[in-house]
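A.B. asks: Structure for the following, please:
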Amino acid sequence: MLHITVEPNQTPVERKFKDLKEHADDFFKIELLRPARIYYERALELKPGEEKLMQRIVECDRMLAFERKVIWILAALATAIVLALSIF
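C.D. replies: Residues are numbered from 1 along each chain as shown. As a prediction, the model looks like this:
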């Protein structure tokens with residue numbers, strides 16, 4: 001999404017931080033977790049220790065781990081079905 005809000009008295013670093021965070025939030029909202037995590041990390045480089053960003057990174061990691069677990073379960077199930085069908 002395009003975010004064009006220029007606030008007076010913002011430094012270039014503050015504008016960059018805000019832009020990165022907004023992009024990360026947009027990706028997070030539509031559950032594109034890998035790009036969201038990357039943008040949160042980039043924003044965190046500009047403001048180390050920003051609690052909300054660190055929480056979102058942890059949340060992305062948790063959701064990605066769950067996603068990987070589901071994929072492994074589905075792959076194992078598909079393999080079992082293929083093997084069962086090939087035996088009969």
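A.B. asks: pull the longest helix from the protein.
C.D. replies: helix 51-87 (DSSP state H).
A.B. asks: buried stuff in that one?
C.D. replies: 53, 56, 57, 60 (16 or more other Cβ atoms under 10 Å). C-beta here means a position set from N, CA and C on the backbone, and glycine is covered the same way.
A.B. asks: and which of those residues is nearest residue 32?
C.D. replies: Top of the list for closeness to residue 32, among these and by Cβ to Cβ, is residue 60 at 9.9 Å.
A.B. asks: pretty sure that closest one contacts residue 31?
C.D. replies: No. Counting by Cβ atoms under 8 Å, residue 60 sits too far from residue 31 to count as a contact (9.7 Å).
A.B. asks: got any residues that touch both of the two?
C.D. replies: Common contact partners of residue 60 and residue 31 (Cβ atoms under 8 Å, 6 or more residues apart in numbering): none.
A.B. asks: Now do the contacts for residue 53.
C.D. replies: 21, 24, 40, 43, 44, 47.
A.B. asks: let's see 10 Å
C.D. replies: Taking Cβ atoms under 10 Å, 6 or more residues apart in numbering, we find residue 53 in contact with 17, 20-21, 24, 39-47.
A.B. asks: Check residue 82 too.
C.D. replies: Residue 82 neighbours (Cβ under 10 Å, 6+ apart): none.
A.B. asks: Let's see the pLDDT reported for it.
C.D. replies: Looking at residue 82, its pLDDT is 94.
A.B. asks: where's it relative to residue 29, distance?
C.D. replies: 37 Å (Cβ to Cβ, to the nearest Å).
A.B. asks: Same question for residue 14.
C.D. replies: 22 Å.
A.B. asks: Looking at the two, which has the bigger crowd around it?
C.D. replies: Ranked by neighbour count (other Cβ atoms under 10 Å), residue 14 and residue 29 place residue 14 first, with 13 against 10.
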